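Take a look and give me a structure for this.
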Amino acid sequence: MAVKSKDGRAVARDHELNILRALHRFGWLRTRDFAALVFQRWASTAPAGGPSLLPPVAAATGLRMAQRTLRRMRIARLVLDTQAPDGSVIYALSEAGARTLQGVGVAATTGKDQVRTFSTTHFRHRCIANEVAISAIVEGFRASTEREISRGLWLGGKLGLAGKLPDAMLRSGSALWWVEVERSKKNSAGAAATRRLVEAVRVAAEQPHLLFGNGVSRVTIVFICTPAYQAKLCRDLEASGWDKNDIAKYLRFEKSLYSLA
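Numbering: from 1, shown residues only. Now for the predicted structure:
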């Protein structure tokens, strides 16, 4: 006997739950983010290489579906919305949305604090971190989002490593990619923390599980940054004894995929 497909109401309910789960993980997202994350197919097999880190691109049909679903959810007061510094609309969990997730076993809370006033710099930084995580998830990687990491819900806990928390953590098999979004020059404390991080990863290169737990055999630190940031960090590392092979082995720099302005 043929299996009956879900009716439209059941499909709409699934879409709403997927959007609520995404907000629980990311804190807030834009319509285009939902279109890329919720309304397109994810890779069905584990990725063979590293993440592309390319900004996610949603299909026009996915964008229309996201818009319709979010309009319905606003009317039902399942989500909160506000205008971001760049003029886009961002969404977060409402009290009702959080209760809906609690009803299916997710320990969710309202995201109203996530959509209060924040700086343009912070907004752009989070957008990029979210896009990196979304792109990786669609490609088949496991990802810890910036929101999850800030709450200690990742393998490094609230303390992080060498006083640092990543902006996203990506994993496939035994390989990890620690992602840093660096849009401007760091102060001395921030630069020192970055140096401690990259030194710790190099020192533990043969036994990365000592830093990241069992099952981890390779770690790459990815910098989404400006050319000036890369040049400064590489000069500092070479002055402290790193050679170009070390830099190429442990670090990856992406300077043109995202606008950091």
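
how about the helices in this structure?
Along the chain, the stretches classed as helices by DSSP state H are 8-26, 31-37, 60-75, 95-102, 120-139, 146-150, 188-203, 209-212, 227-239, 244-250.

Could you identify which of the ones you listed is most buried?
helix 31-37 (a mean of 24; mean count of other Cβ atoms under 10 Å). For every residue, glycine as well, the C-beta is placed using N, CA and C.

what packs against that one?
Here helix 31-37 touches helix 8-26, helix 60-75, strand 89-93, helix 120-139, going by 3 or more Cβ pairs under 8 Å, 6 or more residues apart in numbering; DSSP states H and E.

Which residues outside the helix or strand of the chain with the lowest mean pLDDT are in contact with it?
Ranked by mean pLDDT, DSSP states H and E, the weakest helix or strand in the chain is helix 209-212, scoring a mean of 87. For helix 209-212, contacts defined as Cβ atoms under 8 Å, 6 or more residues apart in numbering pick out 155-156, 161, 176, 200-201, 204, 215-217, 219.

re earlier: and the helices and strands packed on helix 31-37 as JSON lines, adding distance to residue 149 and mean pLDDT?
Formatted as JSON lines, the helices and strands packed on helix 31-37 follow (distance: least, Cβ to Cβ, whole Å; pLDDT from 0 to 100):
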{"stretch": "helix 8-26", "distance to residue 149": "11", "mean pLDDT": "95"}
{"stretch": "helix 60-75", "distance to residue 149": "25", "mean pLDDT": "97"}
{"stretch": "strand 89-93", "distance to residue 149": "18", "mean pLDDT": "97"}
{"stretch": "helix 120-139", "distance to residue 149": "9", "mean pLDDT": "94"}
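
closest to residue 151 out of the ones you listed?
Taking Cβ to Cβ, helix 8-26 is the member of the helices and strands packed on helix 31-37 nearest to residue 151, at 10.3 Å.

How about the contacts made by residue 200?
Applying Cβ under 8 Å, 6+ apart, the residues contacting residue 200 are 161-162, 211.

To residue 48, which of the helices of the chain lies closest?
Per Cβ to Cβ, nearest to residue 48 of those: helix 120-139, 10.5 Å.

Run through the neighbouring helices and strands of the closest one.
Judged by 3+ Cβ pairs under 8 Å, 6+ apart, the packing partners of helix 120-139 are helix 31-37, strand 142-144, helix 146-150, strand 168-172, strand 175-182.

sorry, back to before: Throw the helices and strands packed on helix 31-37 into TSV and include distance to residue 42, thanks.
Formatted as TSV, those follow (distance: least, Cβ to Cβ, whole Å):
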stretch	distance to residue 42
helix 8-26	11
helix 60-75	12
strand 89-93	21
helix 120-139	5
